[in-house]
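Chemist: Output the structure for:
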Amino acid sequence: MKAFIEASRRLRADYQPGLWIGAIRPAFGAGEVEQDGRIERYPPHYLVALWPPLPAAHPVLPRWPAVAAIASPDGQAALLELMRHVPADARVWLADEAVDWALVADIVRLSDRHLAPYHHRELERFIAARRAEDAARIRAEYSDIDAGFQALKRRLLPPQEGGAG
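Modeler: Got it, this is the predicted structure:
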């Protein structure tokens, strides 16, 4: 508990130049899997991502984090995992946007040699869900249809009677 309190004190509520940027998100909940005739239970897991302080001349969060990791069984363990990668005297701001969580999960899935089969299965589900969310948002918020152009086209090119030809 003492380590968690110390880690919490290193967090900053608002972004400021010079802060490390961290992100923590639940990846999957507790579950169980049958292995060799016995039930193995696993706890909730969290994804952790970390970026070093941004350069003043280019204050844009890079897509690729410096660190991507997975932690369990709770948010406290995730914060401690995040802080393991931050210099002892550094402060951290937790980002809540602009993180490509599917990428973070993929980095973990492809680079962590200690993952069990259930980790891979759950992370693949997590990635698929994030990609589905992205696709739904694209369909809802983006289009190549320009209403002004469509109105101009209707005025200049009235529909032909009897179809094409």
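
Chemist: any idea how far stretch 72-81 is from the chain center?
Modeler: 16 Å (C-alpha atoms, centre = their mean, to the nearest Å).

Chemist: can you pull the buried residues of it?
Modeler: Ser72, Gln76, Ala77, Ala78, Leu79, Leu80, Glu81 (16 or more other C-beta atoms under 10 Å). Yep, even glycine has a C-beta here, placed from its N, CA and C like the rest.

Chemist: Next, give me the two most distant ones among the residues you listed.
Modeler: Maximum pairwise distance among the buried residues of stretch 72-81 (C-beta to C-beta): 12.5 Å, between Ser72 and Leu79.

Chemist: Could you list which of the buried residues of stretch 72-81 belong to helices?
Modeler: Gln76, Ala77, Ala78, Leu79, Leu80, Glu81 (DSSP state H).

Chemist: Tally up the residues packed near the closest residue to the first one other than its chain neighbours, please.
Modeler: Closest residue to Gln76 in three dimensions, ignoring its sequence neighbours and counting by C-beta to C-beta, 6 or more residues apart in numbering: Phe4, at 4.7 Å. The local packing count at Phe4 equals 15, with neighbours defined by other C-beta atoms under 10 Å.

Chemist: Please give the element, helix or strand, for Phe4.
Modeler: Per DSSP states H and E: Phe4 is located in helix 2-9.

Chemist: what's the next secondary structure element after that helix?
Modeler: strand 11-12.

Chemist: partners of that following strand, with directions?
Modeler: Paired neighbours of strand 11-12 in the sheet (DSSP bridges): strand 92-94 (parallel).

Chemist: For whichever helix or strand comes after the strand it pairs with, enumerate the helices and strands it packs against.
Modeler: Using DSSP H and E, the next helix or strand after strand 92-94 towards the C-terminus is helix 101-111. Packed against helix 101-111 by the contact rule (3 or more C-beta pairs under 8 Å, 6 or more residues apart in numbering; DSSP states H and E) you find strand 20-28, strand 45-51, strand 67-71, helix 117-141.
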